[in-house]
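Asks: Predicted coordinates and the sequence they were generated for:
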Amino acid sequence: MPTEAAASRSATLLTLPGLSAAVEIRYDIWGVPHVTAGPERDLFVANGWIHARDRLWQMDAARRRALGRWAEWVGAEGLASDRLMRKLGIEAVSRADYAALSAQTKAMCEAYSAGVNAFIAAGDLPPEYALLAETPEPWEPWHCVVVMRQRGLLMGSVWFKLWRAAAYAVAGPENLHLLRYEDGGIEEFVTPQDRQQPRWTAALKDLAPAIEGLQALFPTDVTGGGSNNWAINARHSTTGMPIVAGDPHRAYEIPAMYTQAHLRCDSFAALGLTMPGVPLFPHFGHNEDMAWCVTHAFADIHDLYVEDFRGQEPGHYRTATGSAKARLRKEVIGIRGGAEEEIEIWETANGPLILGSPGEGAGLALKSMQLQAGDTSLDCLRPMVSQKTVAAFYDLMEPWGLIDHNLVAADRQDTIGVQVRARIPERDRKNGWLPVPGWDPAFAWRGIIPFARMPREENPGSGIIVTANNRTVPEDWPDYICTDCHPSTRAKRIRSLLSTGAKFSPADMLDLLYDHSSAVAKEFAARFLARLPQAGPGREMVLALQGWAGDMEAGKLAPTVYYTLRQQMTRILARRSGLDQVAGQEIAKLPPGISPLTHLWWALPDQLRRDDTSLLGGASWDEVIDQAISECAEGFLPRPWGEAHRPVFAHPLTAQFKEAAGFAPASAPVSGDGDCVLATGALPSGGLVASYGPVAKYIWDLSDWDNCSWVVFHGASGIPGDAHYSDQNTPWSRGTLVPAPWSDDQIRAATRQLITLNPA
């Protein structure tokens with residue numbers, strides 16, 4: 001470790017407008033900033049300055065994507081997403097949200113913006129701006145709302161509903177229950193933690209009104225990423241205090257969504273993962289008294305309504321009481337290297353049309369909690385870092401609605417808990433399966449589920465809390481919360497490993513974070529071995545699975561064989577069912593697009609397990625397995641899983657500028673796959689390469705804050721070529737974390753660069 005004297009030799013003095021007193025920033029050995037300020041406002045100014053220093057282009061890109069101005073930078077490639085963002089009206093709703101925030105939150109965002117703009121004014125810009133021949137526009141306080149919204153926009157149920165809407169005419173309404181993520185039907189729940197039961201499946205009669213609505217949208221047949229977190233209480237811990245750990249799973253975007261920081265001032269101190277463009281620690285962090293973290297809850301906060309314009313006056317649509325006039329506005333999208341495009345945007349009482357128009361006779365309107373003006377999620381940020389107990393922490397979450405979370409927390413009084421942090425519309429559970437008729441009041445929102453009724457649990461009898469994108473609540477819960485979620489595979493695995501009766505240290509949590517055992521892979525391997533060919537290359541390929549326990553270890557060949565064969569089975573299922581045609585429909589092209597292969601990949605294990613051949617066009621699963629082996633064996637390249645599955649990172653400007661290819665760091669090989677706790681997943685349409693997974697990992701040790709650790713998948717810096725741009729990839733890929741120092745002594749010992757910001 002460098003000495004204090006060595007750190008002082010790399011000390012830098014800078015002047016930062018907007019400060020009232022000096023602020024000290026100590027960058028540690030991994031490039032993580034530890035900031036010490038006096039007045040709170042100074043800390044927020046420094047928070048903005050640091051984010052701009054390390055991640056300005058990333059912040060700017062998120063802002064442009066959300067506001068529908070991405071094509072101004074990347075040309076026609078960004079046009080589809082810009083059209084959608086303009087239809088959703090992100091600018092107007094974000095401005096309205098900002099206006100509704102408390103004076104304290106606005107002051108925080110104003111100070112943060114002052115720090116960002118002070119860095120911009122200094123002119124030391126990331127290299128992306130030179131490629132674009134652009135300069136950043138000033139950061140306005142409401143942009144913090146924009147970026148917070150962009151990072152979780154349209155996650156969850158909307159894509160499952162669009163998938164089933166696109167697929168229903170091909171698969172038939174009687175097979176709709178097969179078109180969701182399945183793992184056998186027995187599920188773990190976020191609340192209650194200590195319960196399991198089968199899942200509810202909609203009957204055809206329940207879906208009849210929605211199918212009738214879809215027939216207005218499709219009058220003829222259409223034939224032609226998750227996260228983990230957990231907490232254990234003192235009973236299960238070697239430290240006498242709770243331990244909290246987990247990892248957020250996202251696409252491997254460059255620069256990474258999260259970066260690390262430690263912020264201290266006269267009124268609070270907190271450390272955690274930050275989102276550039278937003279102050280403080282919305283998702284993962286700890287203060288002196290407690291720790292918190294999230295996973296996506298998959299709460300159903302989006303509804304799709306079919307709007308019927310047929311037989312109405314021009315621009316009017318069908319309602320329960322007659323007809324109503326749709327609102328029309330026009331917007332102009334700038335396109336790099338091309339002419340501007342003017343688009344028409346239609347809105348009904350249910351929301352903006354994301355597909356169709358009055359002229360086409362029908363449309364699909366999106367009604368989402370994320371588009372309801374007046375959200376005050378950011379009002380939670382400052383109070384979060386000052387709470388001392390889990391109960392007080394959860395009590396303040398009522399304003400949160402931008403994205404739905406399983407919010408796990410623990411405090412030093414040995415309380416652990418989980419809360420579904422979300423604002424969820426109150427309506428019938430049948431809304432969860434398909435787009436529903438906009439003219440039928442049976443599918444209308446009846447209000448918002450009261451905060452007091454949101455799922456919440458503290459100190460379950462087991463002393464263990466686990467969430468892994470599994471089902472939020474049992475089906476007999478009094479409020480409808482969700483339809484789609486991830487299978488309980490990861491949640492079951494984590495709980496089983498934590499329920500052995502042993503006591504766990506923080507170091508033991510590292511093994512769990514990197515657990516790469518797949519029960520699903522073991523099942524598939526048994527089915528493949530049961531169809532072992534008598535001779536030929538297929539026999540040699542399948543024999544690689546003999547004796548394999550389903551561990552997706554980087555150095556083994558068996559995972560490559562399993563994954564290759566399962567992907568081929570998914571492609572065969574798509575072809576035989578006709579669902580491969582769905583990708584060509586307009587409804588499936590809404591950005592980022594719907595991949596039938598991805599949905600069928602997750603639906604396949606349960607169909608195979610139950611020998612359900614409904615989608616196979618008369619074939620058996622044994623025939624599908626034989627075909628997959630035959631098609632894959634010829635020319636199969638036997639590679640260790642780590643090489644076949646190695647992540648390939650890409651900078652978002654690469655398609656426009658060949659120079660940007662050098663901006664993407666390389667990755668070391670990784671273990672795991674989407675069914676493992678170590679969820680390094682590959683998209684079935686993209687081969688074996690890992691395209692999403694844990695973008696960060698953390699272990700919060702409540703007995704000793706200096707014993708906490710974390711890691712991000714490339715580095716703390718978002719500046720290509722910086723020493724800390726990719727230095728964390730090695731520990732991230734090899735299964736280790738890096739220290740997250742908290743105390744003055746540890747911070748000083750780890751300091752590599754000292755920056756003092758003085759008032760102007």
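Replies: Received the coordinates, thanks.
Asks: quick one: the strands in the stretch 1-150 of the chain?
Replies: 12-16, 23-28, 33-36 (DSSP state E, counting those that start in this stretch).
Asks: what are the pairing partners of the shortest one, and which direction each?
Replies: Just to be clear, that refers to strand 33-36. In the sheet, strand 33-36 lines up against strand 23-28 (antiparallel), strand 259-264 (parallel) (DSSP bridges).
Asks: Which residue, other than its chain neighbours, is closest to the residue nearest the centre of the chain?
Replies: Of all residues in the chain, the one closest to the mean position by C-alpha atoms, centre = their mean is residue 250, 4.8 Å from it. In space, and not counting its chain neighbours, residue 250 is closest to residue 695: 4.8 Å by C-beta to C-beta, 6 or more residues apart in numbering. Glycine gets a C-beta too; all of them are placed from N, C-alpha and C.
Asks: give me the number of residues near that neighbour?
Replies: 23 (other C-beta atoms under 10 Å).
Asks: Reformat the strands paired with strand 33-36 as a markdown table; add mean neighbour count, mean pLDDT and distance to residue 158.
Replies: Formatted as a markdown table, the strands paired with strand 33-36 follow (neighbours: other C-beta atoms under 10 Å; pLDDT from 0 to 100; distance: least, C-beta to C-beta, whole Å):
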| stretch | mean neighbour count | mean pLDDT | distance to residue 158 |
| --- | --- | --- | --- |
| strand 23-28 | 23 | 98 | 40 |
| strand 259-264 | 24 | 98 | 28 |
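Asks: how close does residue 732 get to residue 226?
Replies: 17 Å (C-beta to C-beta, to the nearest Å).
Asks: try residue 668
Replies: 22 Å.
Asks: Likewise for residue 650?
Replies: 21 Å.
Asks: okay, these two: which has more neighbours?
Replies: The neighbour comparison of residue 650 against residue 226 (other C-beta under 10 Å) goes to residue 226, with 24 against 15.
Asks: give the contact list for that one.
Replies: 249, 295, 296, 468, 469, 486, 490, 674, 679 (C-beta atoms under 8 Å, 6 or more residues apart in numbering).
Asks: in its sheet, what does the helix or strand hosting the first one sit against?
Replies: Read it as residue 249. Using DSSP states H and E, residue 249 falls within strand 243-251. Each strand paired with strand 243-251, and its direction, by DSSP bridges: strand 227-232 (antiparallel), strand 692-694 (antiparallel), strand 696-701 (antiparallel).
Asks: List the buried residues of that strand.
Replies: 243, 244, 245, 246, 247, 248, 249, 250 (16 or more other C-beta atoms under 10 Å).
Asks: For the residues you listed, could you give me CSV that also reports pLDDT and distance to residue 341?
Replies: Below are those laid out as CSV (pLDDT from 0 to 100; distance: C-beta to C-beta, whole Å):
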residue, pLDDT, distance to residue 341
243, 98, 53
244, 98, 48
245, 98, 47
246, 98, 42
247, 98, 40
248, 96, 35
249, 95, 35
250, 93, 30
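Asks: Longest helix in this structure, by number of residues?
Replies: If each helix of the chain is counted by residues according to DSSP state H, the longest one is helix 40-67.
Asks: Centre of the chain to it, how far?
Replies: 20 Å (C-alpha atoms, centre = their mean, to the nearest Å).
Asks: list the buried ones in it?
Replies: 40-67.
Asks: what ranges do the strands span in the stretch 401-550 of the chain?
Replies: 405-411, 416-421, 436-437, 456-458, 464-467.
Asks: can you list those strands in TSV and add mean pLDDT, distance to residue 496 and mean neighbour count?
Replies: As requested, the strands of the stretch 401-550 of the chain are exported to TSV (pLDDT from 0 to 100; distance: least, C-beta to C-beta, whole Å; neighbours: other C-beta atoms under 10 Å):
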stretch	mean pLDDT	distance to residue 496	mean neighbour count
strand 405-411	98	18	27
strand 416-421	98	18	27
strand 436-437	91	38	26
strand 456-458	98	20	18
strand 464-467	98	10	28
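Asks: Distance to residue 595 for those - can I get that in JSON lines?
Replies: JSON lines is the format used below for these (distance: least, C-beta to C-beta, whole Å):
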{"stretch": "strand 405-411", "distance to residue 595": "25"}
{"stretch": "strand 416-421", "distance to residue 595": "28"}
{"stretch": "strand 436-437", "distance to residue 595": "24"}
{"stretch": "strand 456-458", "distance to residue 595": "35"}
{"stretch": "strand 464-467", "distance to residue 595": "26"}
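Asks: Out of these, which is closest to residue 84?
Replies: strand 436-437 (20.6 Å; C-beta to C-beta).
Asks: picking that back up, enumerate every residue touching the residue nearest to residue 250.
Replies: 247, 248, 249, 250, 252, 256, 257, 258, 712, 713 are the contacts of residue 695 under C-beta under 8 Å, 6+ apart.
Asks: Mind putting the residues you listed into JSON lines with distance to residue 232?
Replies: Output for the contacts of residue 695, formatted as JSON lines (distance: C-beta to C-beta, whole Å):
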{"residue": "247", "distance to residue 232": "16"}
{"residue": "248", "distance to residue 232": "19"}
{"residue": "249", "distance to residue 232": "21"}
{"residue": "250", "distance to residue 232": "25"}
{"residue": "252", "distance to residue 232": "29"}
{"residue": "256", "distance to residue 232": "28"}
{"residue": "257", "distance to residue 232": "27"}
{"residue": "258", "distance to residue 232": "24"}
{"residue": "712", "distance to residue 232": "24"}
{"residue": "713", "distance to residue 232": "25"}
